[in-house]
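[1] here's my sequence, what's the structure:
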Amino acid sequence: MVQCNVLRVNAVEEREEYRDAVAEILRNVQHDHGVTLLDIAERIDVSLGTISNAANKKADLTAPFLKRIGKVFGASSLDPYVRSIGGRVMPTEADSAVDILPTIFSAGHQIATARTASSPGGTVETLSEKLGYLPELRRLRRETDALIAKIVEEAA
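    The predicted model follows:
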């Protein structure tokens, strides 16, 4: 008789990691898109209670709703979940209407402003300043990923 080694995953830790990731997704969407949990619930067609429970790590958000978040708020919004397996999400189709230059300059300006001597942290950025420009950096990453997808499409 051959014995098989079976990998046993601690289901409690796995569920906690999933709920943490979903809660982070919801916080990021709120912060980056300036929306409330109610806005998210309405846009992905789920009850406010379901979104609220997911945001408070009291219940799991099912795969169809997670997929809707990615479709509505961008594939990269799912990065906290995919990060748990060492990855990140990149769009496969480009948005040809996006001009990346204004976002590059905006993000650069916000970082430069945070590094001025007259900023709250002086020439060293404070966490608060970094959190202030984080949404712009995420937007820049999304637009960079879209530009990469566009170049790949054109080259194919």
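
[2] who does the helix or strand of the chain with the lowest mean pLDDT touch, helix- and strand-wise?
    Lowest on mean pLDDT, DSSP states H and E among the helices and strands of the chain sits helix 127-155, with a mean of 85. Counting contacts by 3 or more Cβ pairs under 8 Å, 6 or more residues apart in numbering; DSSP states H and E, helix 127-155 is packed against helix 11-33, helix 100-114. Placement of C-beta: from N, CA and C, glycine included.

[3] what does the first one contact?
    Applying Cβ atoms under 8 Å, 6 or more residues apart in numbering, the external contacts of helix 11-33 come out as 35-37, 40, 51, 54-57, 60-61, 66, 69, 73, 77-81, 83-84, 134-135, 138-139.

[4] report the contact partners of residue 128.
    Contacts of residue 128 (Cβ under 8 Å, 6+ apart): residue 120.

[5] count of residues packed around residue 87?
    Residues near residue 87, counting by other Cβ atoms under 10 Å, number 10.

[6] give the helix, strand or coil label for it.
    Assigned with DSSP: H, G, I helix; E, B strand; the rest coil, residue 87 falls in the coil class.

[7] tell me which residues touch it, please.
    Neighbours of residue 87 in contact, by Cβ under 8 Å, 6+ apart: none.

[8] quick check: phi and psi at it.
    Backbone torsions of residue 87, given as degrees, to the nearest 10, read phi -130, psi -170.

[9] same question for residue 86.
    Torsion angles, degrees, to the nearest 10, at residue 86: phi 80, psi 20.

[10] any idea how far residue 74 is from it?
    20 Å (Cβ to Cβ, to the nearest Å).

[11] those two: which is more packed in?
    Neighbours were counted for residue 86 and for residue 74 using other Cβ under 10 Å; residue 74 has more, 22 against 6.

[12] quick check: mean pLDDT of stretch 105-119?
    Mean pLDDT, computed over stretch 105-119, is 92.
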